[in-house]
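Novice: Fold the following for me, if possible:
(one chain, ligands or ions: 1)
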Amino acid sequence: MDGTFNDNDLSKVVAADKANVWHHLSQHKPYETSDPRIIVEGKGMRVWDQNGKEWLDAVSGGVWTVNVGYGRESICDAVRDQLMKLCYFAQVAGSVPGALFAEKLISKMPGMSRVYYTNSGSEANEKVFKLVRQIAHKKYGGKKTKILYRDRDYHGSTLATMSAGGQQERNAQYGPFAPDFVRVPHCMEYRKHELGLEHLSGEEFGRAAADLIEEVILREGPETVGLLCLEPITAGGGVIEAPEGYWPRVREICDKYDILLHIDEVVCGVGRTGKWFGYQHFGIEPDFVTMAKGVASGYAAIACMVTTEKVFDMFKDDASDPLNYFRDISTFGGCTAGPAAALVNMQIIEDEELLDNTTAMGEHMKARFLEMQEKHAVIGDVRGLGLFQGLELVQDRESKEPVPEAMAQKVVAECGAQGVIIGVTNRSIPGRNNTLCFSPALIATKADIDAICDAVDNALTTVFG
Ligand code: PMP
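Specialist: I've put the predicted structure just below:
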């Protein structure tokens with residue numbers, strides 16, 4: 001693989017980037033004296049930067065996206081063929097890949113039946129919020145407009161999805177937010193003392209954490225609450241899985257108070273945790289599921305809002321009533337490249353048995369991390385499922401005080417020095433990223449996982465001794 005540019009091209013690209021690009025989640029001051037990293041090529045689990053340096057990508061494109069790995073000819077061929085045939089037509093009409101992908105997707109989601117195409121996770125989530133507000137007006141006389149979201153969860157970057165954002169550190173600068181979004185407590189066993197539930201563990205704790213949601217519903221008035229929106233495993237908020245007992249109780253509570261349940265699978269969806277969807281580990285049936293990142297592994301922009309026939313049916317009554325009509329469009333939901341790529345992406349996961357690989361490699365990764373926890377006192381907690389895992393770094397296991405963010409960033413830099421890209425995210429004090437996160441492509445081999453774990457092991461030794 002030759003990932004280098006000639007010097008001339010390289011200096012032009014770097015200059016253009018520095019002059020004209022505003023990078024995401026980045027403060028640009030350091031670029032005044034150093035160059036940004038420009039990723040030029042990718043193949044399988046690896047990417048190459050502008051200097052020809054090879055990196056093992058343990059985060060699937062930075063944010064849990066490239067599930068089937070880089071350089072997939074079959075996806076590129078399908079996208080090219082589709083674009084030559086028909087690049088776009090608004091989703092007011094159907095398209096061939098749109099119909100075929102919807103059918104395939106629904107075949108993996110028992111109980112669900114309708115797919116609404118959009119182009120980002122935030123947007124897919126907003127569709128759910130809009131539908132819930134419309135249902136409130138249609139069925140409940142304008143009541144049941146409240147949307148519950150959970151502490152530490154993230155649902156997007158738009159103002160309405162930020163109104164459902166459980167990470168205070170991301171929201172502080174952007175208020176005021178939309179009304180009728182109400183926070184419920186987190187469900188994190190490692191920090192159960194914050195919930196006053198330190199006396200409980202395992203399943204009992206899980207049920208008690210879900211009971212805290214019921215308390216909020218009763219406080220707000222069940223007649224005002226329309227939706228509970230949750231990540232199956234909290235991603236950017238610190239890779240947080242709910243303990244046994246939580247999910248069945250969540251569904252029970254939603255049924256009891258006639259509240260719709262929305263699972264945001266933008267990160268966990270399409271194989272990341274070893275099942276097609278994260279919620280499928282928990283034996284529950286949601287009313288809405290949203291997904292984005294892994295749907296086409298980043299080969300094209302596509303996101304989906306999926307719901308049940310029961311919800312869809314509510315919008316089929318008397319066409320003269322505007323409350324029966326979902327007056328919504330997403331222009332690029334009509335791009336055909338997305339479903340064309342998504343169809344092949346899903347086929348690859350099936351043909352190469354990547355769900356099984358994710359489960360097996362995830363178990364191997366977890367075992368390595370638990371081994372490392374015995375050696376490095378700084379690893380307070382090991383969390384996650386399949387190829388979606390996190391290590392929370394603490395100064396002291398007793399107090400669980402997070403390490404300073406600079407130390408976690410040093411670990412990331414030390415992994416970088418060994419050619420491995422890992423992520424760091426936040427679960428603790430606002431603004432203090434102390435949780436290393438890992439989401440390699442679902443094609444990872446044992447050697448890839450070992451290379452990632454070895455790099456982390458060395459980095460922790462270098463930074464913390
Ligand atoms: N939900 C979750 C759980 C996410 O992690 C993200 C993105 N990180 C989103 C929604 C928003 O997706 P997008 O960036 O495509 O709008």
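
Novice: what's the neighbour count on the residue in the chain positioned nearest to the ligand?
Specialist: Closest residue of the chain to the ligand, CB to the nearest ligand atom: G121 (2.4 Å). Bear in mind the C-beta positions are built from the backbone N, C-alpha and C, glycine included. Neighbours of G121 under the rule other CB atoms under 10 Å: 26.

Novice: The one 5 residues further on now?
Specialist: Around E126 there are 23 other residues, counting by other CB under 10 Å.

Novice: Can you tell me the closest non-neighbouring residue to it?
Specialist: In space, E126 comes closest to A160 once its chain neighbours are excluded; the distance is 5.3 Å by CB to CB, 6 or more residues apart in numbering.

Novice: circling back to that earlier point, can you pull the contacts of the residue of the chain closest to the ligand?
Specialist: H155, G156, D264, V266, T290, M291, A292, K293, A303 (CB atoms under 8 Å, 6 or more residues apart in numbering).

Novice: Show the backbone phi and psi for the residue nearest to E126.
Specialist: Taking degrees, to the nearest 10, you get phi -70, psi -40 for the backbone angles of A160.

Novice: what's around it, how many residues?
Specialist: Neighbours of A160 (other CB under 10 Å): 19.

Novice: Could I get the pLDDT score of it?
Specialist: Listed pLDDT for A160 reads 96.

Novice: shouldn't it be in contact with K127?
Specialist: No - applying CB atoms under 8 Å as the test, A160 and K127 come out as separate, 10.5 Å apart.

Novice: of the contacts of G121, buried ones?
Specialist: H155, G156, D264, V266, T290, M291, A292, K293, A303 (16 or more other CB atoms under 10 Å).

Novice: returning to what we had before: so which of the contacts of G121 sit within strands?
Specialist: Members of those lying in strands (criterion: DSSP state E): D264, T290, M291, A303.

Novice: Please list which of the residues you listed also come close to the ligand.
Specialist: D264 (CB under 6 Å from any ligand atom).

Novice: and of the ones in strands among the contacts of G121, the nearest to T462?
Specialist: Using CB to CB, D264 comes nearest to T462 of the ones in strands among the contacts of G121, at 36.2 Å.

Novice: The closest residue to M372 other than its chain neighbours and E405, how far apart?
Specialist: Spatial nearest neighbour of M372, chain neighbours left out: D457 (5.5 Å); criterion: CB to CB, 6+ apart. Distance of D457 to E405, computed by CB to CB, to the nearest Å: 21 Å.

Novice: you'd agree R383 is in a strand?
Specialist: Yes - R383: assigned to a strand according to DSSP: H, G, I helix; E, B strand; the rest coil.

Novice: Which parts of the stretch 51-200 of the chain are helices?
Specialist: Assigned helices in the stretch 51-200 of the chain, in chain order: 73-85, 96-107, 121-139, 159-163, 168-171 (criterion: DSSP state H, counting those that start in this stretch).

Novice: closest to D351 out of those helices?
Specialist: Smallest distance to D351 across those (CB to CB): 9.5 Å, for helix 73-85.

Novice: just how off-centre is that closest one within its chain?
Specialist: Mean-position distance between helix 73-85 and its chain equals 26 Å (CA atoms, centre = their mean, to the nearest Å).

Novice: Adding pLDDT, write the buried ones among the contacts of G121 out as TSV.
Specialist: Formatted as TSV, the buried ones among the contacts of G121 follow (pLDDT from 0 to 100):
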residue	pLDDT
H155	98
G156	97
D264	98
V266	98
T290	99
M291	98
A292	98
K293	98
A303	98
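
Novice: pretty sure K130 contacts R327?
Specialist: No - the pair K130 / R327 is not scored as a contact, 9.1 Å apart, by CB under 8 Å.

Novice: Those two: which is more packed in?
Specialist: Between K130 and R327, K130 has the larger neighbour count (other CB under 10 Å), namely 15 against 7.

Novice: related to what we said a few turns ago, the residue nearest to M372 sits in which helix or strand?
Specialist: Element membership for D457, per DSSP states H and E: helix 446-464.

Novice: And that helix, what's buried?
Specialist: Going by neighbour count (16+ other CB under 10 Å), the buried part of helix 446-464 is 448-449, 451-453, 455-460, 463-464.

Novice: from these, which single one is nearest L385?
Specialist: Nearest to L385 out of the buried residues of helix 446-464 is I449 (CB to CB; 14.8 Å).

Novice: Against T158, how distant is the closest one?
Specialist: In terms of CB to CB, I449 sits 35 Å off from T158.

Novice: circling back: save the buried ones among the contacts of G121 as JSON lines, and put in distance to S74 too.
Specialist: Shown next, in JSON lines, are the buried ones among the contacts of G121 (distance: CB to CB, whole Å):
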{"residue": "H155", "distance to S74": "32"}
{"residue": "G156", "distance to S74": "30"}
{"residue": "D264", "distance to S74": "29"}
{"residue": "V266", "distance to S74": "24"}
{"residue": "T290", "distance to S74": "26"}
{"residue": "M291", "distance to S74": "21"}
{"residue": "A292", "distance to S74": "21"}
{"residue": "K293", "distance to S74": "20"}
{"residue": "A303", "distance to S74": "22"}
